[in-house]
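Participant: Dropping the sequence and predicted coords here.
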Amino acid sequence: ARAKGISRIYGANRLTAKESDRKQGIIKMLTALGIKVKDLGDTLEIEGGEFKPCALNGQADHRMVMSGAVALSLCGGVVTDCEAVGKSYKNFFDDFKSLGGRYVR
């Protein structure tokens, strides 16, 4: 999403049947960050750009929370449903902080 030009994610429909509808979650997250995204069915077309500070809904999905936290480290903002990281990486925020990431419990 920060790369110059257009990036495409193929096979995006397989993301709909996870802990959350990750395909729609990615679209909402990137849109909130100020990135243009086109849903072309099984393909997402992403126009790279600069992130803007925002609030992101983690959708109670560990992967959405972690990706949101990393994205927001570039621009500021908040991500919700952070307890979801316990499903796969309970020490995520400790490690994130050790690498310079900021968060509030």
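Facilitator: Yep, that arrived.
Participant: What strands line up against the least confident helix or strand in the chain by mean pLDDT, and which way round?
Facilitator: Lowest mean confidence among the helices and strands of the chain (mean pLDDT, DSSP states H and E): strand 77-79, at a mean of 89. Looking at strand 77-79 with DSSP bridges, its partner strands are strand 54-56 (parallel).
Participant: next one: the helix or strand just after the strand it pairs with to chain centre, how far?
Facilitator: Downstream of strand 54-56, the next assigned helix or strand under DSSP states H and E is helix 62-72. Relative to the centre of its chain, helix 62-72 is centred 5 Å away, using C-alpha atoms, centre = their mean, to the nearest Å.
Participant: which other residues reach helix 62-72?
Facilitator: Contacts of helix 62-72 with the rest of the structure, by C-beta atoms under 8 Å, 6 or more residues apart in numbering, involve 1, 18-20, 22, 25, 29, 33, 51, 53-54, 56, 58, 78-79, 81-82, 84-89, 92-93, 96, 101, 103. Just so you know, the C-beta spots here come from the backbone N, C-alpha and C atoms, and that holds for glycine as well.
Participant: Just the buried subset of the residues you listed, please.
Facilitator: Taking 16 or more other C-beta atoms under 10 Å as the criterion, what is buried in the contacts of helix 62-72 is 1, 20, 22, 25, 29, 33, 51, 54, 56, 58, 78-79, 81-82, 84-85, 92-93, 96.
Participant: Got phi/psi on the residue in the chain sticking out farthest from the centre?
Facilitator: Computed with C-alpha atoms, centre = their mean, the residue of the chain farthest from its C-alpha average is S98, at 20.2 Å. When read as degrees, to the nearest 10, the backbone of S98 gives phi -60, psi -20.
Participant: With G48 instead?
Facilitator: Backbone torsions for G48, taken as degrees, to the nearest 10, come to phi -60, psi 150.
Participant: Nearest residue to it in space, please, no chain neighbours.
Facilitator: A3 (4.4 Å; C-beta to C-beta, 6 or more residues apart in numbering).
Participant: Nothing else from me, thank you.
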